[in-house]
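1. The following comprises the amino acid sequence and a computationally predicted model.
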Amino acid sequence: MPPRKGTQPWSPLAVWFIRLLFLVLVVNALWLWLGKDGTLLQHAFYTTTSKKTVVRQRISSNRTSRLPVFNNCCRGNTDSLSVAIQKMNSSQWRFNKTAIDIFRRDLLEISHFHEYFTATKKNSPLNSLMYFFEKNKKVRIPVSGPVWFRLPKELPFSKDDRFNTCAVVGNSGILKNSKCSNRIDSSDLVIRCNFAPVDGNYTEDVGRKTGLMTLNPSILIHTYKWLLMRRDQDRFLRDMGHYGNALVYTNPFHFREVTDIVIKADLLARHRHARQKLYFSHPTYLEGVTEFWRRRNVTERRLSTGLFLTSAALALCSQVQLYGFWPFSTDRQGSTIPYHYYDKSSINSMVHNISEEFGHLLQLYREGIVNITTHPCESHPNSSKLSA
């Protein structure tokens, strides 16, 4: 068709420029959609389907809208839980070694704790692939040089390691004014959750001793602002320093979006010669623990940190005592308590079904497998032998 009267045909240069502009816009849109908007650590990951071509993609370090925020919640029939707790008040309690041994045997078999509790050079060979634990099981991680060389040779705990007494310290507000520090710190191994404070006025309630501490990647993002500024890096290292020589257990292979920030935290800790060493969870272990509890009728999609740590303690310890596990917004006397012992947050959002999990922990309590402390320790001097 001839050009309309009064108009000039596009020059080849203009057509070329428009096509180039369109291509740039398309590439930029794909770049943002895949998360390729720049990162300090450009680690490559691979998306694979059965026989399709491998597509290379990188993780974004500043996309927050799709990141999971790991808050817990309380939902479910709390009335029935309350009744169950009240019925347990008057009964004497003791550990049931036979029940513990059977439980541990099944847990170790299904979770592969002694093979995959952390990623190591042995269980994650150089240039091998592993799946991310959640969200996109088709995304696989190449265990290549930058990742592989910072993995330890072996697991931090051997099959022969067995602690007699272990305390798993949750973060519930039930710990406030509990004066449980002596009982907690007298344990052979103390396991804590997600950088919960142990200094200052908190010490007399929760103690200071720490052997194993979890670090949820969301803390690096929300509390320490992606570790972008020097002041946030200093604050992260200072807070981590409160836990002595604790093993810091974190999850770079849980979600695709958090891997880069965890690797950065590990590099920072090494570069600044932190006393603590970061260990990376292996997706096979996380999947195994989830499957174990699913077989015990835990229906929630994502287990809480507390249930994961209770599982680890039962794999490592002869006697497990739980502190700071409580699914209610009031204590046993009916007084309102905060969600965490160290802040004023309330139980108003939903990711984990904490009341359901607590019901399963109560079942373990009834079987003599774990003990649960929910009374102030000073007012119950024999609380280690009494019911919750």
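-> Done, it's in.
2. Ranking helices and strands of this structure by mean pLDDT, which lands last?
-> Taking mean pLDDT, DSSP states H and E as the measure, the chain has strand 55-58 as its least confident helix or strand, at a mean of 28.
3. For this protein, just list every one of the helices.
-> In the chain, the helices defined using DSSP state H lie at 12-33, 78-88, 97-111, 113-116, 145-148, 181-185, 203-206, 217-222, 230-240, 259-271, 283-295, 305-316, 354-366.
4. so where's the stretch 1-150 of the chain shaky on pLDDT?
-> Where the stretch 1-150 of the chain drops to pLDDT under 70, the residues are 1-10, 15, 17, 21-22, 24-82, 87-91, 135-138.
5. where does Lys153 land on pLDDT?
-> Looking at Lys153, its pLDDT is 95.
6. ok, it touching Lys122?
-> Yes: between Lys153 and Lys122 there is a contact at 6.6 Å, judged by CB atoms under 8 Å. (C-beta placed from N, C-alpha, C; glycine too.)
7. More neighbours: these two, which one.
-> Lys122 (12 against 7; other CB atoms under 10 Å).
8. How much space separates that one from His282?
-> 11 Å (CB to CB, to the nearest Å).
9. same check, this time on Ala99
-> To His282, Ala99 is 28 Å away according to CB to CB.
10. ok, Gly368 - how many residues close by?
-> Quick note: Gly368 (other CB under 10 Å) scores 16 neighbours.
11. again, but for Asp343
-> Considering only other CB under 10 Å, Asp343 is surrounded by 11 other residues.
12. isn't Ser144 right next to Leu129, touching?
-> No: taking contacts as CB under 8 Å, Ser144 lies outside contact range of Leu129: 9.9 Å.
13. which residues do the two both contact?
-> Common contact partners of Ser144 and Leu129 (CB atoms under 8 Å, 6 or more residues apart in numbering): none.
14. buried residues in stretch 236-246?
-> Buried residues in stretch 236-246, counted by 16 or more other CB atoms under 10 Å: Phe236, Leu237, Met240, His242, Tyr243, Ala246.
15. Let me know the closest of those to His271.
-> His271 lies nearest to Leu237 out of the buried residues of stretch 236-246, by CB to CB, at 10.1 Å.
16. residues in contact with that closest one?
-> Leu268, Ala269, Arg272, Ala274.
17. Quick one: residues contacting the closest residue to Thr118 other than its chain neighbours.
-> Distances taken as CB to CB, 6 or more residues apart in numbering place Tyr279 nearest to Thr118, at 4.4 Å, with adjacent residues excluded. By CB under 8 Å, 6+ apart, the contact set of Tyr279 is Thr118, Ala119, Pro152, Pro156, Leu247, Val248, Tyr249, Thr250.
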